[in-house]
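Student: What follows is a protein structure lacking sequence information:
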Ligand SMILES: NC(=O)C1=CN([C@@H]2O[C@H](COP(=O)(O)OP(=O)(O)OC[C@H]3O[C@@H](n4cnc5c(N)ncnc54)[C@H](OP(=O)(O)O)[C@@H]3O)[C@@H](O)[C@H]2O)C=CC1
Ligand SMILES: O=C(O)[C@@H]1CCC=N1
């Protein structure tokens, strides 16, 4: 039987996930969501045909799978708020950055299956990438349900050790923003050179898309793909020398470690709040 799924806290991430599920045929009458705002409840109900509730207790009480989509700072009070409704056999999936399995399990208060996920916003267009880790209570059927759920919005990988979720966040969850920032800078400069915004955006984004596809589809070292473009004494060489002069490896490593450190800081903050 198709499990019923409740999204607690419908916003960007929840709607990205359930719109992918609906697009791949998940029945709307098996999906419900919650939000405190009447206008949002009306909007998501009208737009997607899913039930929208004001009451988290009622949604959790009816669901086989509960996807926790509120902001990290709201997670403890929201989860503790509905914890009286938690039943053994239910599956809980959190999308929140920096909140560990142990904290979620503690707030849920019962020995239930919990998955911590780290998706990204390309999920909105079915091109998401999600890192996953589960606690000891998950069974094989629930694990397949989770993989299936995230395959409706892109790809997913299970990691073995929870510490890797920080790396997943820096490499995938937050990373679309790095690439947007890079394209923003390219488009800005192209406009300064006199090209219009739409053409600049089309050229830069297609270059990024094509490069990403080559990395995914060709079995060649990334370094070689780069060398294939870099003619001696040519144009690319000059651009890359400029990156090296600015120490591109350090710029990127510093950014990724800043992301990881914030994720660890959040985990420590929320872990402290367990007690
Ligand atoms: N955006 C991203 O790129 C990514 C986000 N994440 C994680 O996803 C989570 C959600 O982020 P995002 O979707 O961007 O945030 P949003 O603010 O868009 O969505 C969260 C929603 O939760 C609702 N909400 C808040 N409190 C309650 C409550 N007590 N009961 C019911 N609903 C509530 C809010 O609606 P209302 O105020 O109407 O109740 C809001 O719409 C975060 O934990 C974040 O770490 C993970 C990976 C990537
Ligand atoms: O910035 C954040 O905290 C969230 C998690 C990953 C992407 N956005």
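Tutor: It's in. All values reported here derive from a predicted model rather than from experimental measurement. Ligands and ions are numbered 1, 2, ... in the order given.

Student: Let's verify the residue of the stretch 1-150 of the chain at minimum distance from ligand 2: helix, strand, or coil?
Tutor: Nearest to ligand 2 in the stretch 1-150 of the chain, going by Cβ to the nearest ligand atom, is residue 97, at a distance of 3.5 Å. For the C-beta atoms, the positions are set from N, CA and C on the backbone; glycine is no exception. Look at residue 97: counting by DSSP: H, G, I helix; E, B strand; the rest coil, its state is coil.

Student: Over to residue 52?
Tutor: The local conformation at residue 52, judged by three-state DSSP, is strand.

Student: Quick one: neighbours of it, just the number.
Tutor: 21 (other Cβ atoms under 10 Å).

Student: Residue 75 too?
Tutor: Residue 75: 23 neighbours (other Cβ under 10 Å).

Student: How about the one 5 residues further on?
Tutor: By the measure other Cβ under 10 Å, the count of residues near residue 80 is 13.

Student: Now it: closest residue in space, sequence neighbours ignored.
Tutor: Leaving aside its sequence neighbours, residue 80 sits nearest to residue 107 (Cβ to Cβ, 6 or more residues apart in numbering; 5.1 Å).

Student: Next up, the contacts around residue 205.
Tutor: Listed by Cβ atoms under 8 Å, 6 or more residues apart in numbering, the contact set of residue 205 reads residue 183.

Student: hmm, back to that, contact partners for the residue nearest to residue 80?
Tutor: Residue 107 neighbours (Cβ under 8 Å, 6+ apart): 75-76, 79-80, 83, 274.

Student: what about the most centrally placed residue in the chain, distance to residue 139?
Tutor: With distances taken as Cα atoms, centre = their mean, residue 119 lies nearest the centre of the chain, 1.7 Å away. To residue 139, residue 119 is 22 Å away according to Cβ to Cβ, to the nearest Å.

Student: what does residue 6 give?
Tutor: 20 Å.

Student: Also residue 63?
Tutor: Applying Cβ to Cβ to residue 63 and residue 139 gives a distance of 17 Å.

Student: just residue 238 next, same as before
Tutor: From residue 238 over to residue 139 (counting by Cβ to Cβ), the distance is 57 Å.

Student: can you pull out the strands in the stretch 101-250 of the chain?
Tutor: Shown for the stretch 101-250 of the chain, the strands assigned by DSSP state E, counting those that start in this stretch span residues 113-118, 128-134, 154-158.

Student: out of the ones you listed, which comes closest to residue 15?
Tutor: With Cβ to Cβ as the measure, strand 128-134 is the member of those nearest residue 15 (12.7 Å).

Student: Quick check: residues of the stretch 51-200 of the chain near ligand 2?
Tutor: Residues of the stretch 51-200 of the chain lying near ligand 2 by Cβ under 6 Å from any ligand atom: 97, 169, 173-174.

Student: Contact residues of the protein facing ligand 1?
Tutor: Counting by Cβ under 6 Å from any ligand atom, the chain sits next to ligand 1 at 8-13, 34-37, 40, 56, 69-72, 74, 78, 95-97, 118-121, 173.

Student: So residue 33, which state does it fall into?
Tutor: strand.

Student: contacting residues for it?
Tutor: Contacts of residue 33 by Cβ under 8 Å, 6+ apart are 6-8, 10, 14, 18, 41, 44, 50-53, 59.

Student: of those, buried ones?
Tutor: Taking 16 or more other Cβ atoms under 10 Å as the criterion, what is buried in the contacts of residue 33 is 6-8, 10, 14, 18, 41, 44, 50-53, 59.

Student: In JSON lines, list those residues along with pLDDT.
Tutor: Listed next are these as JSON lines, based on pLDDT from 0 to 100:
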{"residue": "6", "pLDDT": "98"}
{"residue": "7", "pLDDT": "98"}
{"residue": "8", "pLDDT": "98"}
{"residue": "10", "pLDDT": "98"}
{"residue": "14", "pLDDT": "95"}
{"residue": "18", "pLDDT": "93"}
{"residue": "41", "pLDDT": "98"}
{"residue": "44", "pLDDT": "98"}
{"residue": "50", "pLDDT": "98"}
{"residue": "51", "pLDDT": "98"}
{"residue": "52", "pLDDT": "98"}
{"residue": "53", "pLDDT": "98"}
{"residue": "59", "pLDDT": "98"}
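
Student: For the stretch 101-250 of the chain, give the residue positioned nearest to ligand 2.
Tutor: residue 173 (3.6 Å).
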